[in-house]
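**Student:** Quick one: sequence plus predicted model below, questions after.
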Amino acid sequence: MSGIAIKVSNVSKKFKIFEDKPATLKDRIIFRSKGVYQEKWVLRDISFDVPKGKMIGLIGRNGSGKSTLLKILTRILQPDKGSVEIVGRVSSLLELGAGFHMDFTGRENIYMNASIFGLSRKEIDGKIDEIIRFAELGPFIENPVRTYSSGMYMRLAFSIAVHVDPDILLIDEILAVGDNAFQKKCISRIESFKSQGKTIVFVSHDNGVMERLCDELYWIHESEIVQHGEPRKVVRDYMDFLNDSEERRLTEESEIVATLMENAEIVDIAEKVEKSEKTEKTEKTEKAGRWGNKLAEITRVTMVDSKGEEKHFFDKGKPVTIFIAYAALKAQIDKPVFGIGIYKMDGYCCYGTNTHIDNEKISLDNTGVIEVSIENLNLVAGEYYLDVACHHEDGTPYDYITKALTFNVKSYEEEIGVAYLAHQWVHKGGNVNNE
Ligand SMILES: Nc1ncnc2c1ncn2[C@@H]1O[C@H](COP(=O)(O)OP(=O)(O)OP(=O)(O)O)[C@@H](O)[C@H]1O
C-alpha cells in the first residue's frame, strides 16, 4: 500500500429487490420467508487504487452505483465480493440525513458527529466556533436539526466533515443542495484540501467541476467501470454517450408525434375542404400552443444537420436546416409569411425572423416545403425550442405552433449566455506604446 490511500479490489455488491413491497410486518415475514425477491448486482468487479494526495471522481447516470461504492468505502455497506483497504483517517459527506440526530441541536450534533470521526471533546471545543462560522448557521445552531432546511443541514454536515482533519475525504453530490455562494465555498475548501495533499473521492453530476478538480475520473455504467483516465477525455466520452442516448429517445418520441400529426393532417384537410365549401373560413381554432385559421397548415417541422440527418442534438457553430412542410388552400392565401423563433427553455427569445423581414416573397402551392438554412448555429450549449408560423403579412395567423420541436446544442466549452460571438483574446504585456 506504499503511496496508496485507497485500494479497491474486485468489489461486487448486490441488493435484494422485493417484487411487491409488503404493507405489513406480517406480509414482510411471509414474503421474506417465501423469498419473493430478485437479486440485483449494483456493482460488479470494481477495482482501482487512489494514490495518496490525489482526487478522483466517479461519474455516471443515476442508479449506476456511485453512491453504493462510496458507502462501501466508508464501511456503511459491506461488499458481497472483493475488498477495500484504506490507509488514513476517513471523513465522509454522504446522503442527507446520515449521521445526525434529528432532535438534537446543531451544536450537540457537532460534538456527536466529530467524536465519531475520532476527535476528543477538547479538540472539538477548539474547533467548534470555526465549524459554526463556516456552516453559516448563526443562532440556528441552538435549534434542533429537524427544523433545518436541506441547505442548512448540508452546510453543517460539510463544515464538520472538513474540520475533523481527515486524511481522506469522501463526498457525494454536495453540489445538489445549498445556494451558489455556499457551493463555491465548498469547492474552494475542497481545492485547499487538495493542495494540502489530502486524498479525495468525489461524486457529482456537475461535469465541469469534475473535469476541473479531479486528477482522474472513473465512469461507472450499469454497475461496472467502463472507462477511466484523464478527466477531460472521460467527460467528453460520457457526454457523447449521454447525448446519443437522449438523441435516440427523442427520435423515438418524435416518430410517435409524426405519426399522430400525419393522422391529424388527413382529418384536418378533409374538414377544411368541407368548411371552405360552406363558409367564409376565418374561424379561429385557438388551442394552447397552436392557433390560426388553418387556411395554410404546417404539417411537419424537422431540423437536420449538415449531413441531412434529422437530429435533436446539434454541434455548436455547425450548419443546420429547418424544414417546414405545409398544406394550403392556395386560392385563399394572400401575402403569406413564414417565420421561425428560437427560444431557451425558460421562454427567453434568442432569435426570431420571417420571410417578410428577410424580404423573401413567397407564393404558396397546395403543398410544399419551406427551407431555412442556418449557416452556423452559434448558440451556447443548452436546450432550446423552436416556434414556427405561417401568417398573413398583416400578422393574421394561418397556423402558429409554439414548441414545434425542441433541440439541444452541444459544445464542450462552458460559455454562458445565449449566442456565441466569435472573438479572440490578445494580451499586450510589458511596455505598451500607446502613441
Ligand atoms: N438499500 C438498497 N436496496 C436495494 N437497492 C438499492 C439500495 N441502495 C441502492 N439501490 C439500488 O442500487 C442501484 C445503484 O444505486 P446508487 O445510489 O449507488 O446509484 P448512483 O450512481 O449513486 O445514483 P445517483 O446518481 O442517482 O445518486 C440503484 O438501482 C438503486 O436503486
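**Tutor:** Nice, thanks for sending it over. Numbering: from 1, shown residues only.
**Student:** what residues are up against T199?
**Tutor:** Residues in contact with T199 (C-beta atoms under 8 Å, 6 or more residues apart in numbering) are A5, I6, V50, P51, K52, G53, K54, M55, G88, D167, I168, L169. (Glycine included, C-beta is placed from N, CA and C.)
**Student:** And for L94?
**Tutor:** S67, L70, K71, T74, I76, L170, D172.
**Student:** Measure how buried whichever residue of the stretch 301-435 of the chain sits closest to the ligand is and give me the count.
**Tutor:** Nearest residue of the stretch 301-435 of the chain to the ligand: E383, at 20.2 Å (C-beta to the nearest ligand atom). By the criterion of other C-beta atoms under 10 Å, E383 has 14 neighbours.
**Student:** now swap in M112 and tell me
**Tutor:** Counted with other C-beta under 10 Å, M112 comes out at 14.
**Student:** Narrow the contacts of L94 to those in strands?
**Tutor:** Counting by DSSP state E, the part of the contacts of L94 found in strands is L170, D172.
**Student:** Out of the contacts of L94, which comes closest to the ligand?
**Tutor:** S67 (3.2 Å).
**Student:** before we move on, the earlier item: ok, and of the contacts of L94, which contact the ligand?
**Tutor:** S67 (C-beta under 6 Å from any ligand atom).
**Student:** who in this structure is up against the ligand?
**Tutor:** Checking the chain against the ligand by C-beta under 6 Å from any ligand atom, the hits are F15, I17, V42, G60, N62, G63, S64, G65, K66, S67, T68.
**Student:** do that again at 8 Å, thanks
**Tutor:** Within the chain, the positions near the ligand by C-beta under 8 Å from any ligand atom are 15-17, 40, 42-43, 58, 60-71, 172-173, 203, 205, 220, 223.
**Student:** Now do the same contact list for W219.
**Tutor:** W219 neighbours (C-beta under 8 Å, 6+ apart): I59, G60, I225, V226, Q227, H228, V234, D237, Y238.
**Student:** ok now do the second one, which residues does it touch?
**Tutor:** Contacts for G60 were tallied using C-beta under 8 Å, 6+ apart; they are K66, W219, I220, H221, Y238.
**Student:** Rebuild the residues you listed as JSON lines, extending it with pLDDT and secondary structure.
**Tutor:** Listed next are the contacts of G60 as JSON lines, based on pLDDT from 0 to 100; DSSP: H, G, I helix; E, B strand; the rest coil:
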{"residue": "K66", "pLDDT": "94", "secondary structure": "helix"}
{"residue": "W219", "pLDDT": "97", "secondary structure": "strand"}
{"residue": "I220", "pLDDT": "97", "secondary structure": "strand"}
{"residue": "H221", "pLDDT": "96", "secondary structure": "strand"}
{"residue": "Y238", "pLDDT": "94", "secondary structure": "helix"}
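**Student:** returning to that earlier point: specify which member of the contacts of W219 is nearest to C350.
**Tutor:** Set against C350, the nearest of these by C-beta to C-beta is Y238 (27.0 Å).
**Student:** any idea where the helices of the chain begin and end?
**Tutor:** 25-34, 66-73, 106-116, 121-135, 150-163, 180-195, 207-213, 231-278 (DSSP state H).
**Student:** Done for today, thanks.
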